[in-house]
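**Q** quick one: sequence plus predicted model below, questions after.
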Amino acid sequence: MKKSKKIQSAEQVSAIISAFRCPICESEMKVKELKSLVCEQNHTFDFAKQGYLHLLSHPIKSQYEADLFTARQKIIMESNLYTSIHQVISKLIQKHVNVSEVLMIDLGCGEGSHLQRILDESIDQKFTGIGLDIAKEGIMLAAKNYEQPTWLVGDLAHSPIADQSIDVILNILSPSNYQEFKRILTENGLVIKVVPRANYLQELRAAFFVKDEKREYSNEDTISLFQKHFHVLERVHFHDSKNLTRNELENLVRMTPLSWSADPERKLAFVNQSSHEIIIDLDILIGKNIVE
């Protein structure tokens with residue numbers, strides 16, 4: 001008989017239990033009876049039946065809703081809009097990580113599709129994946145769709161991850177907390193941060209906003225801050241484009257915060273096109289921990 005997702009998740013966490021710490025008191029943790037994650041001070045977090053762990057020490061309201069994550073999952077897994085960048089990131093990990101067994105966490109993973117795609121591409125090394133996001137709706141969808149990674153509802157600013165336990169941090173188009181990144185990375189650990197360039201999803205900005213509302217975007221401040229915390233091994237400019245169908249355009253609009261403040265008529269006109277070319281324009285930063 002197939003194991004339940006709850007038991008399977010508990011077994012996966014048991015195998016990497018040294019990578020966890022209590023989000024309340026920061027003490028070590030253990031898996032108890034394949035039901036709960038318990039710390040030395042007896043703070044207890046039960047595995048959900050869907051197979052994820054809710055490790056927030058206090059409720060936090062996320063502005064990202066389930067509909068956005070469902071649309072993002074469809075775009076990433078079905079449209080191939082991001083397929084090439086997953087392949088590039090996988091090759092960069094293989095290039096810069098020398099250990100055969102890698103513990104990798106995606107911080108700000110949403111519904112987990114980027115992490116799953118990168119794990120699928122990484123066939124030459126043994127990867128164990130963890131996905132963490134503050135949005136319960138995203139993590140629930142991740143646990144529903146992808147079994148192998150461990151999925152955590154948690155706070156990026158106070159993560160339930162032990163000191164120096166992570167080999168690779170993924171941070172893809174998501175906020176960062178570099179002090180936490182540096183704390184949880186191993187001595188030779190890597191951060192792979194993906195940030196937008198000026199032309200990323202430019203078609204949406206052009207369609208949604210009148211010319212006077214559009215602002216020129218630069219990622220140089222983001223990159224400069226990254227360089228203050230990590231030694232940059234590589235900065236890769238990634239540029240690609242895909243022609244999306246009408247249904248895919250609708251999912252693209254649903255998944256992006258760009259649409260939140262857009263004029264409804266402009267949004268409708270955009271998604272009613274039979275197809276449209278969409279540009280992916282990103283910088284991939286590969287950073288190594290700077291030991292202070």
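**A** On my side now, so go ahead. This is a predicted model, so every value here is computed, not measured.

**Q** only C-alpha atoms from now on, for both contacts and neighbour counts.
**A** Fine.

**Q** ok, which stretches of the stretch 51-200 of the chain are helices?
**A** 66-74, 83-96, 113-121, 136-145, 178-184 (DSSP state H, counting those that start in this stretch).

**Q** mind checking which of the ones you listed is nearest A206?
**A** A206 lies closest to helix 66-74 among these, at 20.6 Å (CA to CA).

**Q** other SSEs contacting that closest one?
**A** Using 3 or more CA pairs under 8 Å, 6 or more residues apart in numbering; DSSP states H and E, the elements in contact with helix 66-74 are helix 136-145, helix 246-255.

**Q** out of the ones you listed, deepest packed?
**A** helix 136-145 (a mean of 23; mean count of other CA atoms under 10 Å).

**Q** got the contact list for it?
**A** 50-52, 54, 64-66, 69-70, 110-113, 131-133, 151-153 (CA atoms under 8 Å, 6 or more residues apart in numbering).

**Q** filter those residues down to just the ones in strands.
**A** 52, 54, 131-133, 151-153 (DSSP state E).

**Q** ok, S174 touching G110?
**A** No: S174 lies out of contact with G110 (CA atoms under 8 Å); the separation is 9.1 Å.

**Q** who has more neighbours, the two?
**A** Here S174 and G110 are compared on neighbour count by other CA atoms under 10 Å; more neighbours surround G110, at 29 against 15.

**Q** ok, now which ones touch the more buried one?
**A** So G110 contacts 69, 132-133, 135, 138-139, 142 (CA under 8 Å, 6+ apart).

**Q** need phi/psi at it.
**A** As for G110, its main-chain torsions (degrees, to the nearest 10) stand at phi 60, psi -130.

**Q** then V31?
**A** Dihedral angles (degrees, to the nearest 10) for V31: phi -90, psi 130.

**Q** from A15, how far off is the closest residue to it other than its chain neighbours?
**A** With CA to CA, 6 or more residues apart in numbering as the criterion, V31 has its nearest non-adjacent residue at 4.6 Å, and that residue is L37. Look at L37 and A15: by CA to CA, to the nearest Å, they are 13 Å apart.

**Q** between those two, tell me which one has more neighbours.
**A** Each of L37 and A15 has its neighbours counted (other CA under 10 Å); L37 has more, 25 against 11.

**Q** tell me which residues are up against the helix or strand encompassing the more buried one.
**A** According to DSSP states H and E, L37 maps onto strand 36-39. Strand 36-39 is contacted from outside by 10, 21-22, 27-32, 44-47, using CA under 8 Å, 6+ apart.

**Q** nearest to H229 among those?
**A** Using CA to CA, the contacts of strand 36-39 come closest to H229 at R21, 23.3 Å.

**Q** got phi/psi on the closest one?
**A** Taking degrees, to the nearest 10 as the convention, R21 sits at phi -140, psi 160.

**Q** what's opposite it in the beta bridge?
**A** Counting by DSSP bridges, R21 is bridged to E28.

**Q** so what's it scoring on pLDDT?
**A** pLDDT recorded at R21 is 97.

**Q** what is the burial count for it?
**A** The burial count for R21: 22, using other CA under 10 Å.

**Q** repeat for Q202
**A** 15.

**Q** got a pLDDT number for the residue lying closest to it once chain neighbours are set aside?
**A** Distances taken as CA to CA, 6+ apart place I279 nearest to Q202, at 6.9 Å, with adjacent residues excluded. For I279, the pLDDT comes out at 95.

**Q** how far does the strand holding L37 sit from its chain's centre?
**A** 24 Å (CA atoms, centre = their mean, to the nearest Å).

**Q** direction included, what does the helix or strand following it pair against?
**A** Once strand 36-39 ends, the next helix or strand along the chain (criterion: DSSP H and E) is strand 44-46. Strand 44-46 has its sheet partners listed here by DSSP bridges as strand 36-39 (antiparallel).
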